[in-house]
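A.B. asks: What shape does this take:
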Amino acid sequence: MELEAAKEKFIQSWGVLGSNWGVNRTMAQIHALLLIAPEPLCADDIMEQLQISRGNANMNIRALIDWGLVYKELVVGQRKEFFVAEKDIWDVVRKIAAQRKKKELDPVIKTLEELSKVDESGTEAEAFKKVIDDINAVSNQAEKALDALANADDNWMSRFLMRMLR
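C.D. replies: Below you'll find the predicted structure:
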């Protein structure tokens with residue numbers, strides 16, 4: 001496979017993966033492009049390579065910056081803003097996990113806390129409380145796992161993955 005075809009396939013695949021994870025496809029494609037770019041890219045470069053509008057590029061670059069996945073980089077002699085992606089993939093995974101937790105898990109936990117305060121009794125109320133308690137227990141375990149992932153170093157992650165593969 002030629003490099004250009006491989007790059008295009010990677011960008012498209014990363015976009016699909018992002019969509020499956022609940023991330024805007026274009027945001028994931030911009031991230032993919034910046035991940036594989038050997039040099040910083042400006043918004044014009046991103047727009048041209050992905051065939052997207054300036055507004056779409058700017059909005060998604062800002063979101064990637066907010067996630068901590070992309071950084072502005074100064075290019076001497078240039079007035080445009082240039083962008084680079086975090087290249088440490090473990091760091092990328094940790095940052096994505098932290099954002100997913102904040103966006104998806106934290107609201108569920110907050111809602112479960114509210115729902116667990118049902119003060120009625122009876123068969124139906126007890127069945128409801130049991131389901132909420134079970135979901136809350138799983139959610140709290142997921143929260144602990146995501147917190148551990150977000151705070152882990154590379155060696156911990158490698159050891160964990162090796163144990164899982166055995």
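
A.B. asks: Run through the strands of this protein in chain order.
C.D. replies: 41-42, 70-73, 82-85 (DSSP state E).

A.B. asks: which stretches of the chain form helices?
C.D. replies: Ranges of helices in the chain, per DSSP state H, are 3-20, 25-36, 43-50, 54-67, 89-100, 106-115, 123-151, 154-165.

A.B. asks: Now do the third one: distance to the chain's middle.
C.D. replies: Read that as helix 43-50. Remark: helix 43-50 is offset 22 Å from the chain centroid, using CA atoms, centre = their mean, to the nearest Å.

A.B. asks: tell me which residues of that helix are tucked away?
C.D. replies: Ala43, Asp45, Ile46, Met47, Gln49, Leu50 (16 or more other CB atoms under 10 Å). No exception for glycine: its C-beta is placed from N, CA and C like everyone else's.

A.B. asks: who touches the last one in this structure?
C.D. replies: Contacts here follow CB atoms under 8 Å, 6 or more residues apart in numbering; on that basis Leu50 touches Ile11, Thr26, Gln29, Ile30, Leu33, Ala57.

A.B. asks: Equivalent analysis for Val16, please.
C.D. replies: Arg25, Ala28.

A.B. asks: Could you rerun that using 10 Å?
C.D. replies: If a contact means CB atoms under 10 Å, 6 or more residues apart in numbering, then Val16 has Arg25, Ala28, Gln29 as its contacts.

A.B. asks: Could you do Trp67 as well?
C.D. replies: So Trp67 contacts Val23, Met27, His31, Glu86, Val92, Lys95, Ile96, Ala98, Gln99, Lys102 (CB under 10 Å, 6+ apart).

A.B. asks: can we see that at 8 Å?
C.D. replies: Lys95, Ile96, Gln99.

A.B. asks: Farthest from the middle of the protein: give me that residue.
C.D. replies: The outermost residue of the chain, judged against the average C-alpha position, is Gly122 (42.2 Å), by CA atoms, centre = their mean.

A.B. asks: how much space between that residue and Phe128?
C.D. replies: 10 Å (CB to CB, to the nearest Å).

A.B. asks: Need the phi and psi values for Val76.
C.D. replies: Dihedral pair for Val76: phi -60, psi 130, per degrees, to the nearest 10.

A.B. asks: quick one: stretch 24-33 to chain centroid distance?
C.D. replies: 11 Å.
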